[in-house]
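S.K.: Need coordinates for the below:
(chains A, B and C)
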Amino acid sequence: MPDFFPTRRELTLGEIVTLTHAEPAPGTPLERRITDIAPLDIARGSDIAFLDNTKYLDAFARSHAGACLLAPRFAGAAPAGLPVLVTPEPYRAFVAVARALFPTSLRPSSLFGTVGRAHDAQVHPLARIEAGVTLDPLAVIGPGAEIGAGTLIASGVVIGPNVTIGRDCAIGAGVTVQHALIGDRVIIHPGARIGQDGFGFLPSPQGHQKIPQHRRVIIQDDVEIGANTTIDRGSTRDTVIGEGTKIDNLVQIAHNVSIGRHCLIAGQTGISGSAQVGDFVMMGGQVGLADHVTIGSGAMLGAQSGYMSEVPPGGQYMGSPAQPAREFMKGIAVLRRLARRDKTPDSSGDAQ
Amino acid sequence: MPDFFPTRRELTLGEIVTLTHAEPAPGTPLERRITDIAPLDIARGSDIAFLDNTKYLDAFARSHAGACLLAPRFAGAAPAGLPVLVTPEPYRAFVAVARALFPTSLRPSSLFGTVGRAHDAQVHPLARIEAGVTLDPLAVIGPGAEIGAGTLIASGVVIGPNVTIGRDCAIGAGVTVQHALIGDRVIIHPGARIGQDGFGFLPSPQGHQKIPQHRRVIIQDDVEIGANTTIDRGSTRDTVIGEGTKIDNLVQIAHNVSIGRHCLIAGQTGISGSAQVGDFVMMGGQVGLADHVTIGSGAMLGAQSGYMSEVPPGGQYMGSPAQPAREFMKGIAVLRRLARRDKTPDSSGDAQ
Amino acid sequence: MPDFFPTRRELTLGEIVTLTHAEPAPGTPLERRITDIAPLDIARGSDIAFLDNTKYLDAFARSHAGACLLAPRFAGAAPAGLPVLVTPEPYRAFVAVARALFPTSLRPSSLFGTVGRAHDAQVHPLARIEAGVTLDPLAVIGPGAEIGAGTLIASGVVIGPNVTIGRDCAIGAGVTVQHALIGDRVIIHPGARIGQDGFGFLPSPQGHQKIPQHRRVIIQDDVEIGANTTIDRGSTRDTVIGEGTKIDNLVQIAHNVSIGRHCLIAGQTGISGSAQVGDFVMMGGQVGLADHVTIGSGAMLGAQSGYMSEVPPGGQYMGSPAQPAREFMKGIAVLRRLARRDKTPDSSGDAQ
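M.R.: Here you go, the predicted model:
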């Protein structure tokens, strides 16, 4: 069975205590070696698990994990023989251990084991490639493009003219980038499409006239973009993705959109033209924003919700059309009660 | 006009009777040759059609088909000159004829007419390619990857290190596969992305910390995966797609998801992290499952429905948030009745 | 800062008056040179802006634009020093100026600065490439394919056997096309997938049998198709996209679908098998159409709406399941009023 991330590191429980500031229960074998993380139900003796929810107490009682990070309230519930490390934030500690064990998983690496520039990468003579760039086979870099040191360009990537990509980025297989400026430490997963024409037409009975889409995409530092996600370039303003924002797979971001810093945008969400999204906004999957909508910083938008107008900062919304989450759930409950009471013969046949 | 599947076979009505066990009406010209299938309205004399719904009786009466497979209750309605073959399952028989006429359509074939390995496919010296593999131009196979006999790898495919792909698979143009084990007879359509990082971050006011995504994707035998679909690898558990499951285009399957055997998942559905789906589940288009949701075997989930909690085995659900289909339709009917009776001046302006 | 569309043209206000038939206010400096378009709030002295909505009167009052196209009712509101050109359709005039300033933005161009055929494009000896075709590096053209004069094929494109592509098309990076006939002046953005198998299976308890998908995709003249959009080929009928129809990113169009002329289909919409869509239909984002649904010409389908049955010509619909827009908004208003009046303790816990 192939091991895709050969563990180059292992940690003793003592080292994990130092790393996470967790408190070992008396008798913890601090010399025990941990090589992986796992959920309680499938963890083995060389794995560490975590517990922060009563839902998993049964799995905890039966776990074969090598150790468990847990919240203080669960410390007394440990089964005999399962070493526990107590910490107020067990999941945070669990992630810290995972990051220490699998440092090479934190950024994609070459899919061809390439060191330097594969001889059959297609680099235009007018492109500028800094030292320390990795180009996998069959990457294509256009004229005037600039690629910063430490960046990986995977196979099948196409970088258009004059695009700039910063340092320590990873551009996944089959990605296309055009009309874009990309910062440092940006990760773009396979098949994402950055900088193509936005969807802009002037409708008319004779057919729809194409509107120039001549602005750019700006992607700030530390952004991560999911597989097959599409980000169109601007028509009247640049499309901007703010620092540290993370975008999942199959998301659509239209022209002129501005997204703030440190947002989390889940899969298949669609953000229409000229929408403006603040900082630290969280969107569930399949959310839809109409043209020109404004979403305030810190808002949380529930999965499948749809927006035709503004959301205030910190707002928690659900539904399509969206409402404050509490009102939405109230409406659902009221309708269900009415439906249960209703004695009219079933008339569902007239529904769409 | 190009013929993309040149018919290499034709069937007489007699051979179709043998193949489908249908009963020819008296006087059926069993020597008539059939070279294609078609719907009743556009079928010509060399085509066979089928009828199993009164909705198409008009088209039946006017059809120029060479023959028609139909249910016993329609046998008396045949227009003069249209030979009919009676069978309790006309559509099943129709598909059997189609499969017999177009055997080469059942698995994608080379887009370049390649036999064997195109000279400019990029195969890493440490990859292991069995005899009888077809590699189209510009396929890229990384170190340690294994490809089984009879498998087709199309142009622009990138296979990452140590990936294994079984026998008689077809991997479409521009697909990327990494951190994955793939069974036999798997079909992956163009642009699908298999095995990239899941969407896992530890949120914090200083920015979101990337959580290692160091597990795999396991795709069992006879799975089919649609164009531009994305399947992320696991973080704490492998992402698993069970035997015989068919997935449409633009579907998102997140990390740690487990999908059972013989499911049918329609286009643009999104399945969030750690969701568990049983066997023979059917999902309509644009369905959304939240994190950690469980869907029982045999459940049927209506198009655009959304799930925040469990669905029991065999459940038929609709709506967002989802309800049992009957209750959902009842709620729709009740609300429509209330709206029709309501005399309040239009207040739609306050809706999102 | 790279300039992705170096302005090769500039227009004086006098030339803009001639182009748009707008009426310059007295004292307009007709010799002023305009090199770009911009919204009122960010426009500089060499930019032209437009005003057709009271919402932007504040930005208008403070604008530093070089000129502004506006509707007659706003002519008196111009701040001192901002030249205005009066026209009944300011946005149409604004687009006309943009098209004149950026003629090269109206069709994608080579991402590698290629002239003619890159030496490492992979063209099958049996393909027919007219003179005046541009092939970027690593394009792959299969046997029997035909490409018309003036067409651009970008890097990583794969064109399958016997596909025909007309003249003056632009096929973006990483696109795949198979089993398809494509007209003239068609634009396909990166990563779109045209002509793969539709999603057709005959369900059975022993597993689902693949149904032959042996028809084609027909794309008529002047169609535009967004990034990572998928269009499957037909099983019993060709999948057809009518002349002048524009399709956004990440749209799914299933087998046997017929879409009329001059439709506008926004991002992430999904159109299921055998649906029939008339001419000049407009669909918002994330719309879903079930199998075999018919949508009449001129219909407008709201974002996230879902269709299980017919929509009449000119119908304006919203919601899932969809209703006429007015009825949908009425239902939303009624439910919100009921929820506000309701005194039952919160029972949202029983919602999905």
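S.K.: Please count neighbours and contacts with C-alpha atoms only from this point.
M.R.: Will do.
S.K.: Can you list the low-confidence ranges for chain A?
M.R.: Across chain A, residues meeting the criterion (pLDDT under 70) sit at A:1-3, A:7-8, A:345-352.
S.K.: need the helices for it, in chain order.
M.R.: When assigned using DSSP state H, the helices of chain A occupy the ranges A:13-20, A:57-62, A:90-101, A:325-341.
S.K.: Which residues outside the third one are in contact with it?
M.R.: Read that as helix A:90-101. Contacts with helix A:90-101, where a contact means Cα atoms under 8 Å, 6 or more residues apart in numbering or on different chains, come from A:7-11, A:16, A:19-20, A:22, A:35-37, A:48-52, A:69-71, A:87, A:105-106, B:202, B:211-212.
S.K.: what about burial for those residues, which qualify?
M.R.: The neighbour-count test (16 or more other Cα atoms under 10 Å in any protein chain shown) applied to those identifies A:10-11, A:16, A:20, A:22, A:35-37, A:48-52, A:69-71, A:87, A:105-106, B:211-212 as buried.
S.K.: Select from those residues every entry located in strands.
M.R.: Residues from these lying in strands, with DSSP state E as the criterion: A:11, A:36-37, A:48-51, A:69-70.
S.K.: tell me the two of these that are most distant?
M.R.: With distances taken as Cα to Cα, the most widely separated pair in those is A:11 and A:51, at 19.5 Å.
S.K.: hang on, residue A:172 packs against residue A:151?
M.R.: No: contact criterion Cα atoms under 8 Å: residue A:172 and residue A:151 do not qualify, at 10.9 Å.
S.K.: what is the residue nearest to residue A:307 when sequence neighbours are not counted paired to in the beta sheet?
M.R.: Spatial nearest neighbour of residue A:307, chain neighbours left out: residue A:289 (4.9 Å); criterion: Cα to Cα, 6 or more residues apart in numbering or on different chains. Each beta-bridge partner of residue A:289 is listed here: residue A:271, residue A:307, as defined by DSSP bridges.
S.K.: So which bits of the stretch 251-352 of chain A are right by chain C?
M.R.: With Cα under 8 Å from any Cα of the partner chain as the criterion, the stretch 251-352 of chain A meets chain C at residues A:252, A:268, A:270, A:288, A:290, A:306, A:320, A:327, A:329-335, A:351-352.
S.K.: Pull out the buried residues from those.
M.R.: Buried positions within these, assessed by neighbour count (16+ other Cα under 10 Å), are A:252, A:268, A:270, A:288, A:290, A:306, A:320, A:327, A:329-335, A:351-352.
S.K.: what number of residues lie near the residue nearest to residue A:307?
M.R.: 26 (other Cα atoms under 10 Å in any protein chain shown).
S.K.: residues contacting it?
M.R.: Residues near residue A:289 by Cα under 8 Å, 6+ apart: A:270-272, A:275, A:306-308.
S.K.: ok, so what distance separates it from residue C:286?
M.R.: Distance, residue A:289 to residue C:286, by Cα to Cα, to the nearest Å: 10 Å.
S.K.: Run through the bridge partners of residue A:170.
M.R.: Checking residue A:170 by DSSP bridges, which sets the bridge assignment, gives partners residue A:152, residue A:187.
S.K.: That one reaches residue A:149, doesn't it?
M.R.: No: here residue A:170 lies out of contact with residue A:149, judged by Cα under 8 Å, at a distance of 11.1 Å.
S.K.: what about residue A:286, neighbour count?
M.R.: With neighbours defined by other Cα under 10 Å, the count for residue A:286 comes to 30.
S.K.: typed the wrong thing, it's residue A:235
M.R.: Residues near residue A:235, counting by other Cα under 10 Å, number 25.
S.K.: same check, this time on the one 10 residues further on
M.R.: Applying the criterion other Cα under 10 Å, we find 27 residues in the vicinity of residue A:245.
S.K.: I'd say it and residue A:224 touch.
M.R.: Yes: here residue A:245 lies in contact with residue A:224, judged by Cα under 8 Å, at a distance of 6.7 Å.
S.K.: Can you pull the residues of the stretch 201-350 of chain A lying near chain B?
M.R.: Taking Cα under 8 Å from any Cα as the criterion, the stretch 201-350 of chain A approaches chain B at residues A:226-228, A:244, A:248-250, A:262, A:266-268, A:285-286, A:303-304, A:307-309, A:319-323, A:335-336, A:338-339, A:342, A:346-348, A:350.
S.K.: cutoff 7 Å now
M.R.: Taking Cα under 7 Å from any Cα of the partner chain as the measure of proximity, the stretch 201-350 of chain A contacts chain B at A:227-228, A:244, A:248, A:262, A:307-309, A:321-323, A:335-336, A:339, A:346-348.
S.K.: Which among those count as buried?
M.R.: Among those, those buried by neighbour count (16+ other Cα under 10 Å) are A:227-228, A:244, A:248, A:262, A:307-309, A:321-323, A:335-336, A:339, A:348.
S.K.: Find the pair from the residues you listed with maximum spatial separation.
M.R.: The most distant members of those, if one measures by Cα to Cα, are A:244 and A:348, lying 47.3 Å apart.
S.K.: Identify the bridge partners of the closest residue to residue A:193 other than its chain neighbours.
M.R.: Taking Cα to Cα, 6+ apart as the measure, residue A:193 lies nearest to residue A:230, with 4.7 Å between them; neighbours along the chain are not counted. According to DSSP bridges, the residues that bridge with residue A:230 are residue A:193, residue A:252.
S.K.: Can you tell me the number of residues neighbouring residue A:230?
M.R.: When neighbours are counted by other Cα under 10 Å, residue A:230 registers 29.
S.K.: Surely it touches residue A:194?
M.R.: Yes: A contact is recorded between residue A:230 and residue A:194 when judged using Cα atoms under 7 Å, the distance being 6.0 Å.
S.K.: which residues touch residue A:41?
M.R.: Remark: with contacts taken as Cα atoms under 7 Å, 6 or more residues apart in numbering or on different chains, residue A:41 is in contact with A:59, A:63.
S.K.: Now the terminal residues of stretch A:171-180, how far apart.
M.R.: Start-to-end span of stretch A:171-180 (Cα to Cα) is 13 Å.
S.K.: ok now do the residue nearest to residue A:193, which residues does it touch?
M.R.: Neighbouring residues of residue A:230 by Cα under 7 Å, 6+ apart: A:192-194, A:251-253, C:227.
S.K.: if you set the cut-off to 6 Å instead, what comes out?
M.R.: Residues touching residue A:230, when contacts are defined by Cα atoms under 6 Å, 6 or more residues apart in numbering or on different chains, comprise A:192-194, A:252.
S.K.: Mind picking the one among those residues that's closest to residue A:79?
M.R.: Taking Cα to Cα as the measure, residue A:192 is the one of the contacts of residue A:230 closest to residue A:79, at 46.9 Å.
S.K.: Name all residues that make contact with that closest one.
M.R.: Contacts for residue A:192 were tallied using Cα under 6 Å, 6+ apart; they are A:175, A:227-230.
S.K.: Redo the residues you listed as JSON lines? Include distance to residue A:135.
M.R.: Shown next, in JSON lines, are those (distance: Cα to Cα, whole Å):
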{"residue": "A:175", "distance to residue A:135": "13"}
{"residue": "A:227", "distance to residue A:135": "19"}
{"residue": "A:228", "distance to residue A:135": "21"}
{"residue": "A:229", "distance to residue A:135": "22"}
{"residue": "A:230", "distance to residue A:135": "23"}
